[in-house]
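>>> predicted model and sequence follow; I will ask about them next.
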Amino acid sequence: MTALLQDHPPVAEAYRKYLHFNQDERLRSIDEAHQRFLMDIASDRAEARAEARAEGRAEGRAEGKAECKAEGKAEGKAEGKAEGKAEGKAVRDIEIARNLKSMGLGTTQIVQATGLSLSVIEQLN
C-alpha cells in the first residue's frame with residue numbers, strides 16, 4: 001500500500017482525506033444521516049412504484065372486464081338479431097308456401113320457390 005501511495009500522489013491525497021474523514025465523528029455522523037436519507041428516498045420510490053403497479057393492474061383488469069362485457073353484449077345483440085331474422089324468414093317462407101298451396105301450385109314447385117322441405121310443405125293446411 002505504501003508503494004502505491006508513494007507512486008501516485010492523487011491516490012495518496014485521497015487516502016489522507018479518507019483517514020481524516022473517518023477520524024472526524026461529526027463528518028461521519030453527517031455522512032450516515034445522508035446515507036439514511038438516500039435509503040429512505042429509494043424506499044419511498046420503491047413503495048410508490050409498487051403502488052403504481054398495483055393501481056395499473058387494477059385499472060387494466062377493470063378496463064378488460066368492461067371491454068369483455070361490451071364485446072359480449074355486442075355479440076349477444078348480433079346473435080339475437082341473426083336468430084330473429086332467421087325465424088322471420090322461416091315464418092315468411094311458410095306463409096308464402098301456404099299462399100302458393102292455396103293458389104293450387106304443386107308441392108314440387110312450392111319446394112323450388114321457398115326452399116322448404118317437402119315434409120314441411122305437406123304438413124301445411
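Everything's here; your move. Residues are numbered from 1 along each chain as shown.
>>> now the residue nearest the centre of the chain: how far from residue 51?
The centre of the chain sits closest to residue 64, judged by C-alpha atoms, centre = their mean, with a distance of 4.8 Å. Taking C-beta to C-beta, to the nearest Å as the measure, residue 64 falls 20 Å from residue 51. Any C-beta I mention is one placed from the backbone N, CA and C, and that applies to glycine too.
>>> please apply the same query to residue 10.
In terms of C-beta to C-beta, residue 10 sits 45 Å off from residue 51.
>>> more neighbours: which of those two?
Set residue 10 next to residue 51 and count neighbours by other C-beta atoms under 10 Å: residue 51 wins out with 10 against 7.
>>> which helix or strand contains the more buried one?
Residue 51 belongs to helix 25-102 when assigned by DSSP states H and E.
>>> elements contacting that helix?
Secondary-structure packing of helix 25-102 (3 or more C-beta pairs under 8 Å, 6 or more residues apart in numbering; DSSP states H and E): helix 9-23, helix 107-114, helix 118-123.
>>> let's see that with 7 Å instead.
In terms of contacts (3 or more C-beta pairs under 7 Å, 6 or more residues apart in numbering; DSSP states H and E), helix 25-102 is packed against helix 107-114.
>>> got the CA coordinates for stretch 13-32 in PDB?
Taking C-alpha atoms only, stretch 13-32 is exported to PDB below (Å, rounded to 0.1, in the frame of the first residue of the first chain):
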ATOM      1  CA  GLU A  13      -4.200  12.600  -1.200                       C
ATOM      2  CA  ALA A  14      -7.500  10.700  -1.400                       C
ATOM      3  CA  TYR A  15      -6.300   8.200   1.200                       C
ATOM      4  CA  ARG A  16      -5.200  11.100   3.500                       C
ATOM      5  CA  LYS A  17      -8.700  12.700   3.200                       C
ATOM      6  CA  TYR A  18     -10.300   9.300   3.800                       C
ATOM      7  CA  LEU A  19      -8.400   8.800   7.100                       C
ATOM      8  CA  HIS A  20      -9.200  12.400   8.100                       C
ATOM      9  CA  PHE A  21     -12.900  11.800   7.300                       C
ATOM     10  CA  ASN A  22     -13.100   8.500   9.300                       C
ATOM     11  CA  GLN A  23     -11.500  10.100  12.300                       C
ATOM     12  CA  ASP A  24     -13.900  13.100  12.400                       C
ATOM     13  CA  GLU A  25     -17.000  12.000  14.300                       C
ATOM     14  CA  ARG A  26     -19.100  14.900  13.100                       C
ATOM     15  CA  LEU A  27     -18.400  14.200   9.400                       C
ATOM     16  CA  ARG A  28     -19.100  10.500   9.900                       C
ATOM     17  CA  SER A  29     -22.500  11.200  11.500                       C
ATOM     18  CA  ILE A  30     -23.400  13.700   8.700                       C
ATOM     19  CA  ASP A  31     -22.500  11.000   6.100                       C
ATOM     20  CA  GLU A  32     -24.500   8.400   8.000                       C
END
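>>> all set now, cheers.
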